[in-house]
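Asker: next input, structure requested:
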Amino acid sequence: MASQCTPSSPTHLSRRQLLVAGAAGLAVPLARSQAAFPNRALTIIVPYTAGGSSDAGARMLAPELSKSLGQPVLVDNAAGAGGAIGVQKLIRSAADGYTLLYGGLSESLLIPLINPSLNYKVEDMLPIAMVGSSPVVFVTRPDFPAQNVDDLIELARKSPGKLSFGSAGIGSFAHVMTEVIKDRVHVFMVHIPYRGGAQILTDVIGGQIDLGVTTVANAAQMIASKRLKALGVSSRQRVSIMKEVPTFAESRSLPGLEMLVWGLMFAPIGTPQAVVSKLGATINAVMELPAVKAFMAKIGAELPSLMNPAQAQAFLQAEQKLYRPVVSRIKPE
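Answerer: Numbering: from 1, shown residues only. Next up is the predicted model:
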């Protein structure tokens with residue numbers, strides 16, 4: 001006699017019950033995959049060649065992040081086009097949290113504002129956390145008549161167009177920051193763009209240009225050995241490795257002004273919020289480690305303000321507000 005199946009029997013399920021059961025079955029591996037993040041190696045893209053400050057920062061963070069996340073963290077140097085190649089590589093990456101970018105002020109924000117033909121903007125990336133910041137320092141040759149930023153600005157006012165400053169290229173942080181200052185105090189100095197930062201300090205020492213604009217880390221040794229003279233730094237407080245150098249904020253000409261060269265860790269747009277939150281919390285915890293703090297102090301970088309992703313986004317918006325008016329007048333090379 002054939003057995004009869006009741007609606008409650010396991011061999012007689014409605015279409016709705018089958019759909020619910022199927023969805024539940026799919027939800028389990030999805031939940032497990034999200035909870036397991038990360039379950040393979042991560043990559044941090046550095047948009048410059050090995051040996052620079054971005055590369056050093058990423059390679060300092062990578063092993064500490066690997067310990068915290070329990071997976072290898074690799075560094076991928078994707079240099080070219082002033083950092084644009086690396087940014088574009090991130091934007092094309094899967095939005096799963098496994099590919100990140102150690103992005104700086106120039107390539108993340110300034111360069112795409114100046115050159116829209118690069119086909120990306122800072123809004124195409126998702127900020128996770130602040131990973132570095134450093135003030136710039138204005139340096140001159142030892143016999144230059146100015147002793148501080150106020151003296152420099154007074155000289156520029158007396159002789160418009162006579163003084164020159166060098167930067168690592170049109171749209172670089174040194175170029176744009178100096179243009180912001182020129183706008184604020186209404187002076188004119190001639191911009192001399194270089195193809196990179198290495199030659200600038202040599203030419204300042206040799207007298208080919210009057211002013212070099214670079215990070216504290218790049219100039220610290222030459223300042224300490226008296227080959228260069230520092231006129232001021234752009235942080236709100238004096239830098240520990242050169243406490244004798246006044247800040248822009250202390251000057252009569254630029255009271256309260258603070259401008260920093262920063263690094264942010266970015267993910268592709270669309271990365272799951274749970275993944276972003278985990279990465280942000282992990283990065284912030286790593287930034288508090290004594291070894292990381294010691295490294296930052298050694299290279300003359302400031303310990304960055306810890307930011308969650310929402311705070312990092314608000315920070316970027318404020319930076320755009322500061323730089324956009326000047327950048328809009330700069331023409332790409």
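Asker: please enumerate the strands of the stretch 151-300 of the chain.
Answerer: For the stretch 151-300 of the chain, the strands defined by DSSP state E, counting those that start in this stretch cover 164-167, 190-193, 211-215, 229-233, 260-268.
Asker: who's in contact with stretch 58-67?
Answerer: 42, 44, 46, 72-75, 102, 131, 282-283, 286, 289, 291-292, 295 (C-beta atoms under 8 Å, 6 or more residues apart in numbering). (Glycine included, C-beta is placed from N, CA and C.)
Asker: kindly report the same for stretch 181-192.
Answerer: Against stretch 181-192 from outside (C-beta under 8 Å, 6+ apart): 153, 156-157, 160-161, 163-167, 170, 175, 178-179, 209-211, 248, 253-254, 257, 325-326.
Asker: follow-up on the earlier one: and the contacts of stretch 58-67, which is closest to Ala230?
Answerer: Proximity to Ala230 was ranked across the contacts of stretch 58-67 by C-beta to C-beta; first place goes to Phe295, at 22.3 Å.
Asker: and Val149, how far from Ile200?
Answerer: 18 Å (C-beta to C-beta, to the nearest Å).
Asker: an error on my part: the question was meant for Gln221.
Answerer: 15 Å.
Asker: out of those two, which sits in the busier spot?
Answerer: Ile200 (26 against 12; other C-beta atoms under 10 Å).
Asker: so that one sits against Ala168, correct?
Answerer: Yes. Between Ile200 and Ala168 a contact is recorded at 7.0 Å, counting by C-beta atoms under 8 Å.
Asker: what do those two both touch?
Answerer: Tyr194.
Asker: that older thread, separate out the buried members of the contacts of stretch 58-67.
Answerer: Among those, those classed as buried by 16 or more other C-beta atoms under 10 Å are 42, 44, 46, 73, 75, 102, 131, 282-283, 286, 292, 295.
Asker: go through those residues and flag which are in helices.
Answerer: 282-283, 286, 292, 295 (DSSP state H).
Asker: quick check: of those, which lies closest to Pro145?
Answerer: So of those, ranked by how close each gets to Pro145 (C-beta to C-beta), first place is Phe295, at 37.0 Å.
Asker: now do the contacts for the closest one.
Answerer: Counting by C-beta under 8 Å, 6+ apart, Phe295 touches Met60.
Asker: quick one, grab the pLDDT at it.
Answerer: On the pLDDT scale, Phe295 is placed at 82.
Asker: how about Arg16?
Answerer: 45.
Asker: just the pLDDT for the nearest residue to Val204 once chain neighbours are set aside.
Answerer: Distances taken as C-beta to C-beta, 6 or more residues apart in numbering place Gly212 nearest to Val204, at 4.1 Å, with adjacent residues excluded. Note for Gly212: predicted pLDDT of 95.
Asker: residues near the nearest residue to Leu254 once chain neighbours are set aside, how many?
Answerer: Once flanking residues are discounted, Leu254 sits nearest to Phe248: 4.3 Å by C-beta to C-beta, 6+ apart. The number of residues packed near Phe248 is 28, by other C-beta under 10 Å.
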